[in-house]
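Asker: I'd like to go over a predicted model; first the sequence, then the structure.
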2 protein chains.
Amino acid sequence: MSLDELSRLIRRPATRRFVTDRDVPRETVAALVDAARWTGSARNRQPWRFVEVRDRALIEALSRLGAYAQFVSGAPVVLAVAAADNGFADTAFDTGRVTQSLVLAAAALGLGACPATLFPEANVDEARRLLRLDEGWLPDHLVALGYPSAEPAPAAPRVIPGGRLPLETLLTTI
Amino acid sequence: MSLDELSRLIRRPATRRFVTDRDVPRETVAALVDAARWTGSARNRQPWRFVEVRDRALIEALSRLGAYAQFVSGAPVVLAVAAADNGFADTAFDTGRVTQSLVLAAAALGLGACPATLFPEANVDEARRLLRLDEGWLPDHLVALGYPSAEPAPAAPRVIPGGRLPLETLLTTI
(Lines give C-alpha, C1' and ligand atoms only; values in the text may rest on other atoms or scores of the structure.)
Protein backbone atom coordinates (compact mmCIF):
# COMPACT_ATOMS: atom_id res chain seq x y z
CA MET A 1 0.00 0.00 0.00
CA SER A 2 1.30 3.37 -1.03
CA LEU A 3 1.60 6.45 1.13
CA ASP A 4 -1.00 8.11 -1.12
CA GLU A 5 -3.52 5.37 -0.41
CA LEU A 6 -2.84 5.54 3.33
CA SER A 7 -3.11 9.35 3.23
CA ARG A 8 -6.55 9.03 1.73
CA LEU A 9 -7.63 6.94 4.72
CA ILE A 10 -6.10 9.39 7.20
CA ARG A 11 -7.82 12.33 5.50
CA ARG A 12 -11.25 10.73 5.61
CA PRO A 13 -13.40 13.10 7.73
CA ALA A 14 -14.84 11.71 10.95
CA THR A 15 -18.39 10.36 10.54
CA ARG A 16 -20.93 11.70 13.03
CA ARG A 17 -24.11 10.71 11.24
CA PHE A 18 -24.90 7.19 10.10
CA VAL A 19 -27.45 5.52 7.86
CA THR A 20 -30.07 3.70 9.88
CA ASP A 21 -30.81 0.88 7.45
CA ARG A 22 -27.45 -0.80 7.29
CA ASP A 23 -25.94 -2.74 10.15
CA VAL A 24 -22.28 -3.43 10.83
CA PRO A 25 -21.93 -7.22 11.23
CA ARG A 26 -20.17 -8.63 14.27
CA GLU A 27 -17.55 -10.22 12.01
CA THR A 28 -16.71 -6.76 10.69
CA VAL A 29 -16.13 -5.36 14.17
CA ALA A 30 -14.01 -8.41 15.00
CA ALA A 31 -11.96 -7.82 11.84
CA LEU A 32 -11.30 -4.19 12.87
CA VAL A 33 -10.13 -5.16 16.36
CA ASP A 34 -8.12 -8.05 14.90
CA ALA A 35 -6.26 -5.60 12.65
CA ALA A 36 -5.79 -2.97 15.37
CA ARG A 37 -4.59 -5.36 18.08
CA TRP A 38 -1.17 -5.49 16.32
CA THR A 39 -0.57 -1.82 17.10
CA GLY A 40 2.64 -1.24 19.04
CA SER A 41 2.61 -0.05 22.64
CA ALA A 42 5.18 0.91 25.25
CA ARG A 43 6.94 -2.27 26.38
CA ASN A 44 4.28 -4.26 24.51
CA ARG A 45 1.86 -3.68 27.39
CA GLN A 46 -1.19 -3.58 25.07
CA PRO A 47 -3.02 -1.59 27.73
CA TRP A 48 -6.39 -1.83 25.98
CA ARG A 49 -9.63 -3.78 25.93
CA PHE A 50 -12.66 -3.35 23.65
CA VAL A 51 -16.37 -3.73 24.29
CA GLU A 52 -18.67 -3.88 21.27
CA VAL A 53 -22.00 -2.33 22.26
CA ARG A 54 -25.17 -3.12 20.29
CA ASP A 55 -27.76 -2.65 23.03
CA ARG A 56 -29.65 0.56 22.12
CA ALA A 57 -30.38 1.58 25.71
CA LEU A 58 -26.75 1.12 26.65
CA ILE A 59 -25.55 3.13 23.63
CA GLU A 60 -27.98 5.92 24.68
CA ALA A 61 -26.66 5.87 28.22
CA LEU A 62 -23.02 6.00 27.08
CA SER A 63 -23.76 8.91 24.72
CA ARG A 64 -24.67 11.01 27.78
CA LEU A 65 -21.32 10.45 29.50
CA GLY A 66 -19.25 12.95 27.50
CA ALA A 67 -20.00 16.58 26.65
CA TYR A 68 -19.41 15.92 22.93
CA ALA A 69 -20.45 12.27 22.80
CA GLN A 70 -24.17 12.63 22.01
CA PHE A 71 -23.68 11.78 18.33
CA VAL A 72 -22.76 8.17 19.15
CA SER A 73 -26.43 7.51 19.94
CA GLY A 74 -27.05 7.44 16.16
CA ALA A 75 -24.47 4.73 15.46
CA PRO A 76 -25.51 1.11 14.90
CA VAL A 77 -22.47 -0.09 16.86
CA VAL A 78 -20.27 1.58 19.44
CA LEU A 79 -16.89 0.20 20.36
CA ALA A 80 -15.74 1.23 23.83
CA VAL A 81 -11.96 1.46 24.24
CA ALA A 82 -10.87 0.79 27.82
CA ALA A 83 -7.44 1.84 29.04
CA ALA A 84 -5.51 -0.02 31.74
CA ASP A 85 -5.43 2.09 34.88
CA ASN A 86 -2.00 0.74 35.73
CA GLY A 87 -0.07 3.72 37.02
CA PHE A 88 1.89 4.13 33.80
CA ALA A 89 1.60 7.66 32.47
CA ASP A 90 1.77 6.60 28.86
CA THR A 91 -1.43 4.60 28.59
CA ALA A 92 -3.51 7.31 26.87
CA PHE A 93 -0.82 7.64 24.19
CA ASP A 94 -1.04 3.92 23.48
CA THR A 95 -4.85 3.79 23.46
CA GLY A 96 -4.70 6.73 21.04
CA ARG A 97 -2.43 4.68 18.80
CA VAL A 98 -4.72 1.63 18.79
CA THR A 99 -7.78 3.83 18.23
CA GLN A 100 -6.15 5.41 15.19
CA SER A 101 -5.50 1.92 13.81
CA LEU A 102 -9.19 1.13 14.38
CA VAL A 103 -10.36 4.32 12.68
CA LEU A 104 -8.14 3.65 9.65
CA ALA A 105 -9.25 0.02 9.49
CA ALA A 106 -12.86 1.19 9.48
CA ALA A 107 -12.06 3.62 6.66
CA ALA A 108 -10.41 0.81 4.67
CA LEU A 109 -13.75 -1.05 4.79
CA GLY A 110 -15.77 2.01 3.75
CA LEU A 111 -17.15 2.40 7.26
CA GLY A 112 -17.50 5.74 8.97
CA ALA A 113 -16.07 6.18 12.45
CA CYS A 114 -15.62 8.89 15.02
CA PRO A 115 -14.02 8.70 18.47
CA ALA A 116 -15.63 10.41 21.43
CA THR A 117 -14.18 11.14 24.85
CA LEU A 118 -15.96 10.32 28.10
CA PHE A 119 -15.29 12.67 31.01
CA PRO A 120 -15.05 13.63 33.82
CA GLU A 121 -13.78 10.66 35.84
CA ALA A 122 -17.16 9.94 37.43
CA ASN A 123 -18.60 9.41 33.94
CA VAL A 124 -15.79 7.03 33.01
CA ASP A 125 -16.51 5.08 36.18
CA GLU A 126 -20.22 4.98 35.34
CA ALA A 127 -19.34 3.72 31.84
CA ARG A 128 -17.13 1.05 33.40
CA ARG A 129 -20.08 -0.22 35.43
CA LEU A 130 -22.46 -0.10 32.45
CA LEU A 131 -19.93 -2.02 30.34
CA ARG A 132 -19.34 -4.58 33.13
CA LEU A 133 -15.60 -4.02 33.03
CA ASP A 134 -13.43 -4.96 35.98
CA GLU A 135 -11.98 -2.23 38.16
CA GLY A 136 -8.69 -1.16 36.66
CA TRP A 137 -10.14 -0.66 33.18
CA LEU A 138 -11.17 2.88 32.23
CA PRO A 139 -13.44 3.15 29.17
CA ASP A 140 -12.64 6.80 28.50
CA HIS A 141 -13.17 6.60 24.74
CA LEU A 142 -15.88 5.36 22.43
CA VAL A 143 -15.66 4.81 18.69
CA ALA A 144 -18.97 5.18 16.86
CA LEU A 145 -19.12 2.88 13.83
CA GLY A 146 -21.52 2.73 10.92
CA TYR A 147 -22.04 3.55 7.29
CA PRO A 148 -21.92 7.31 6.65
CA SER A 149 -25.18 9.12 6.00
CA ALA A 150 -25.38 11.46 3.00
CA GLU A 151 -27.09 13.97 5.30
CA PRO A 152 -24.52 16.21 6.96
CA ALA A 153 -24.09 15.85 10.71
CA PRO A 154 -24.60 18.84 13.01
CA ALA A 155 -21.48 21.02 13.09
CA ALA A 156 -18.75 19.42 15.17
CA PRO A 157 -17.30 21.40 18.09
CA ARG A 158 -13.96 22.75 16.91
CA VAL A 159 -11.24 24.70 18.69
CA ILE A 160 -9.42 25.19 15.37
CA PRO A 161 -11.93 25.71 12.55
CA GLY A 162 -11.19 25.09 8.88
CA GLY A 163 -9.34 21.87 8.27
CA ARG A 164 -5.78 21.32 9.39
CA LEU A 165 -2.77 23.44 10.28
CA PRO A 166 -0.22 23.69 7.44
CA LEU A 167 3.04 21.75 7.44
CA GLU A 168 5.04 24.97 7.98
CA THR A 169 3.30 25.54 11.30
CA LEU A 170 3.78 21.97 12.45
CA LEU A 171 7.31 20.97 11.44
CA THR A 172 10.71 22.48 12.17
CA THR A 173 14.14 20.93 11.59
CA ILE A 174 17.28 21.01 13.75
CA MET B 1 -6.53 0.23 0.03
CA SER B 2 -7.83 -2.96 1.54
CA LEU B 3 -7.97 -3.88 5.22
CA ASP B 4 -5.43 -6.65 4.47
CA GLU B 5 -2.94 -4.14 3.13
CA LEU B 6 -3.47 -1.83 6.10
CA SER B 7 -3.16 -4.80 8.49
CA ARG B 8 0.21 -5.58 7.02
CA LEU B 9 1.39 -2.05 7.86
CA ILE B 10 0.00 -2.27 11.41
CA ARG B 11 1.70 -5.63 11.94
CA ARG B 12 5.12 -4.41 10.84
CA PRO B 13 7.38 -4.85 13.90
CA ALA B 14 8.94 -1.72 15.38
CA THR B 15 12.45 -1.02 14.03
CA ARG B 16 15.12 -0.45 16.68
CA ARG B 17 18.20 -0.91 14.54
CA PHE B 18 18.88 1.00 11.36
CA VAL B 19 21.32 0.75 8.45
CA THR B 20 23.98 3.44 8.70
CA ASP B 21 24.59 3.97 4.99
CA ARG B 22 21.18 5.17 3.91
CA ASP B 23 19.77 8.53 4.86
CA VAL B 24 16.12 9.55 5.09
CA PRO B 25 15.74 12.69 2.93
CA ARG B 26 14.08 15.77 4.39
CA GLU B 27 11.35 15.54 1.76
CA THR B 28 10.50 12.06 3.03
CA VAL B 29 10.10 13.28 6.61
CA ALA B 30 7.97 16.16 5.34
CA ALA B 31 5.80 13.69 3.42
CA LEU B 32 5.25 11.63 6.59
CA VAL B 33 4.21 14.66 8.64
CA ASP B 34 2.08 15.93 5.76
CA ALA B 35 0.17 12.64 5.72
CA ALA B 36 -0.14 12.43 9.52
CA ARG B 37 -1.28 16.01 10.05
CA TRP B 38 -4.77 15.04 8.78
CA THR B 39 -5.28 12.78 11.78
CA GLY B 40 -8.38 13.65 13.77
CA SER B 41 -8.18 15.10 17.27
CA ALA B 42 -10.63 16.13 19.97
CA ARG B 43 -12.39 19.29 18.83
CA ASN B 44 -9.83 19.53 16.01
CA ARG B 45 -7.28 20.94 18.47
CA GLN B 46 -4.35 19.31 16.64
CA PRO B 47 -2.38 19.49 19.89
CA TRP B 48 0.92 18.47 18.26
CA ARG B 49 4.13 19.87 16.83
CA PHE B 50 7.06 18.01 15.25
CA VAL B 51 10.79 18.65 15.33
CA GLU B 52 12.95 16.76 12.85
CA VAL B 53 16.34 16.18 14.47
CA ARG B 54 19.42 15.45 12.33
CA ASP B 55 22.11 16.84 14.60
CA ARG B 56 24.03 13.80 15.91
CA ALA B 57 24.92 15.34 19.27
CA LEU B 58 21.33 16.36 19.83
CA ILE B 59 20.04 12.88 18.91
CA GLU B 60 22.55 11.41 21.42
CA ALA B 61 21.38 13.80 24.13
CA LEU B 62 17.70 13.00 23.49
CA SER B 63 18.39 9.25 23.58
CA ARG B 64 19.46 9.64 27.23
CA LEU B 65 16.17 11.24 28.32
CA GLY B 66 14.05 8.07 28.53
CA ALA B 67 14.83 4.75 30.21
CA TYR B 68 14.08 2.84 26.99
CA ALA B 69 15.07 5.50 24.46
CA GLN B 70 18.74 4.64 23.95
CA PHE B 71 18.10 2.91 20.63
CA VAL B 72 17.13 6.19 18.93
CA SER B 73 20.83 7.15 18.95
CA GLY B 74 21.31 4.75 16.02
CA ALA B 75 18.65 6.37 13.83
CA PRO B 76 19.60 8.74 11.00
CA VAL B 77 16.62 10.96 11.83
CA VAL B 78 14.57 11.41 14.96
CA LEU B 79 11.20 13.11 14.89
CA ALA B 80 10.22 14.61 18.25
CA VAL B 81 6.46 14.77 18.85
CA ALA B 82 5.52 17.63 21.16
CA ALA B 83 2.15 17.69 22.93
CA ALA B 84 0.32 20.88 23.83
CA ASP B 85 0.42 21.34 27.60
CA ASN B 86 -2.98 22.97 27.50
CA GLY B 87 -4.81 21.61 30.51
CA PHE B 88 -6.90 19.22 28.42
CA ALA B 89 -6.62 15.68 29.70
CA ASP B 90 -6.98 14.13 26.29
CA THR B 91 -3.80 15.39 24.64
CA ALA B 92 -1.77 12.19 25.01
CA PHE B 93 -4.56 10.22 23.32
CA ASP B 94 -4.44 12.57 20.34
CA THR B 95 -0.63 12.59 20.08
CA GLY B 96 -0.84 8.80 20.19
CA ARG B 97 -3.24 8.92 17.24
CA VAL B 98 -1.00 11.19 15.15
CA THR B 99 2.06 9.10 16.03
CA GLN B 100 0.33 5.95 14.83
CA SER B 101 -0.43 7.71 11.54
CA LEU B 102 3.28 8.62 11.30
CA VAL B 103 4.42 5.08 12.04
CA LEU B 104 2.06 3.63 9.41
CA ALA B 105 3.11 6.26 6.88
CA ALA B 106 6.74 5.31 7.49
CA ALA B 107 5.85 1.65 6.96
CA ALA B 108 4.08 2.51 3.70
CA LEU B 109 7.39 3.93 2.44
CA GLY B 110 9.40 0.90 3.57
CA LEU B 111 10.95 2.89 6.40
CA GLY B 112 11.42 1.48 9.87
CA ALA B 113 10.15 3.43 12.84
CA CYS B 114 9.85 3.07 16.58
CA PRO B 115 8.38 5.48 19.13
CA ALA B 116 10.15 6.10 22.43
CA THR B 117 8.85 7.80 25.55
CA LEU B 118 10.77 10.52 27.40
CA PHE B 119 10.26 10.64 31.16
CA PRO B 120 10.15 11.75 33.93
CA GLU B 121 8.92 15.33 33.57
CA ALA B 122 12.34 16.86 34.16
CA ASN B 123 13.63 14.97 31.11
CA VAL B 124 10.75 16.20 28.97
CA ASP B 125 11.57 19.74 30.07
CA GLU B 126 15.24 19.22 29.21
CA ALA B 127 14.20 17.90 25.78
CA ARG B 128 12.02 20.98 25.31
CA ARG B 129 15.04 23.23 25.88
CA LEU B 130 17.28 21.16 23.61
CA LEU B 131 14.63 21.25 20.87
CA ARG B 132 14.12 25.02 21.32
CA LEU B 133 10.39 24.60 21.79
CA ASP B 134 8.33 27.27 23.50
CA GLU B 135 7.02 26.65 26.98
CA GLY B 136 3.68 24.92 26.69
CA TRP B 137 4.99 22.23 24.33
CA LEU B 138 6.03 18.92 25.87
CA PRO B 139 8.17 16.67 23.62
CA ASP B 140 7.41 13.50 25.54
CA HIS B 141 7.76 11.18 22.55
CA LEU B 142 10.36 10.56 19.87
CA VAL B 143 9.97 8.55 16.69
CA ALA B 144 13.21 7.02 15.41
CA LEU B 145 13.20 6.78 11.62
CA GLY B 146 15.48 4.97 9.19
CA TYR B 147 15.84 1.95 6.97
CA PRO B 148 15.76 -1.31 8.95
CA SER B 149 19.03 -3.16 9.49
CA ALA B 150 19.15 -6.90 8.75
CA GLU B 151 20.99 -7.31 12.05
CA PRO B 152 18.53 -7.89 14.89
CA ALA B 153 18.26 -5.15 17.51
CA PRO B 154 18.91 -5.92 21.18
CA ALA B 155 15.82 -7.44 22.81
CA ALA B 156 13.14 -4.84 23.43
CA PRO B 157 11.84 -4.41 26.97
CA ARG B 158 8.48 -6.17 27.13
CA VAL B 159 5.88 -6.43 29.84
CA ILE B 160 3.94 -8.95 27.73
CA PRO B 161 6.32 -11.23 25.83
CA GLY B 162 5.45 -13.13 22.68
CA GLY B 163 3.49 -11.08 20.21
CA ARG B 164 -0.02 -9.86 20.85
CA LEU B 165 -2.96 -10.85 23.01
CA PRO B 166 -5.63 -12.86 21.12
CA LEU B 167 -8.91 -11.34 20.00
CA GLU B 168 -10.85 -13.40 22.60
CA THR B 169 -8.96 -11.68 25.42
CA LEU B 170 -9.43 -8.20 23.97
CA LEU B 171 -13.01 -8.05 22.71
CA THR B 172 -16.36 -8.67 24.39
CA THR B 173 -19.83 -7.86 23.09
CA ILE B 174 -22.87 -6.46 24.90
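Answerer: Sure, I can see it.

Asker: which residue packs closest to A:N123, ignoring adjacent ones?
Answerer: A:L65 (4.0 Å; CB to CB, 6 or more residues apart in numbering or on different chains). (C-beta placed from N, C-alpha, C; glycine too.)

Asker: go on, A:M1?
Answerer: Nearest residue to A:M1 in three dimensions, chain neighbours excluded: B:E5, at 4.0 Å (CB to CB, 6+ apart).

Asker: I'd assumed that neighbour was in a strand, is it?
Answerer: No - going by DSSP: H, G, I helix; E, B strand; the rest coil, the assignment for B:E5 is helix, not a strand.

Asker: wait, it touches A:L9, no?
Answerer: No - B:E5 lies out of contact with A:L9 (CB atoms under 8 Å); the separation is 10.2 Å.

Asker: now the common contact residues for the two.
Answerer: The contact sets of B:E5 and A:L9 overlap at A:A108 (CB atoms under 8 Å, 6 or more residues apart in numbering or on different chains).

Asker: and those two? which has more neighbours close in?
Answerer: Just comparing B:E5 and A:L9: by other CB atoms under 10 Å in any protein chain shown the higher neighbour count belongs to A:L9, 20 against 14.

Asker: distance of that one relative to chain B?
Answerer: Going from A:L9 to chain B by CB to the nearest CB, to the nearest Å gives 6 Å.

Asker: got the confidence number for the residue of chain A found nearest chain B?
Answerer: At 2.5 Å from chain B, A:G96 is the closest residue in chain A, using CB to the nearest CB. Per-residue confidence for A:G96 comes out at a pLDDT of 98.

Asker: before we move on, back to that, pull the contacting residues for the residue nearest to A:M1.
Answerer: B:E5 makes contacts with A:1, A:5, A:108, as judged by CB under 8 Å, 6+ apart.

Asker: which parts of stretch A:125-145 are buried?
Answerer: Buried residues in stretch A:125-145, counting neighbours by 16 or more other CB atoms under 10 Å in any protein chain shown, are found at A:126-128, A:130-131, A:133, A:137-145.

Asker: next, format the contacts of B:E5 as a markdown table and append pLDDT.
Answerer: Formatted as a markdown table, these follow (pLDDT from 0 to 100):
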| residue | pLDDT |
| --- | --- |
| A:M1 | 77 |
| A:E5 | 96 |
| A:A108 | 97 |
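
Asker: and of those, the nearest to A:L167?
Answerer: Checking the contacts of B:E5 against A:L167 with CB to CB, the nearest one is A:E5 at 19.9 Å.

Asker: and the closest residue to A:C114 other than its chain neighbours, how close does it get to A:E151?
Answerer: Closest residue to A:C114 apart from its sequence neighbours, by CB to CB, 6+ apart: A:A14 at 3.9 Å. Counting by CB to CB, to the nearest Å, the gap from A:A14 to A:E151 is 15 Å.

Asker: which of these two has more neighbours?
Answerer: Set A:A14 next to A:E151 and count neighbours by other CB under 10 Å: A:A14 wins out with 18 against 8.

Asker: and the more buried one, what is it in contact with?
Answerer: Counting by CB under 8 Å, 6+ apart, A:A14 has contacts A:112-115, A:156, B:40.

Asker: show me where chain A has helices.
Answerer: Here chain A has its helices, by DSSP state H, at A:3-11, A:26-36, A:56-63, A:91-108, A:121-130, A:167-170.

Asker: was I right to think A:L3 contacts B:V33?
Answerer: No - with contact defined as CB under 8 Å, A:L3 does not reach B:V33; the gap is 11.8 Å.

Asker: re the thing from before, and chain B, which of the buried residues of stretch A:125-145 reach it?
Answerer: A:131, A:141 (CB under 8 Å from any CB of the partner chain).
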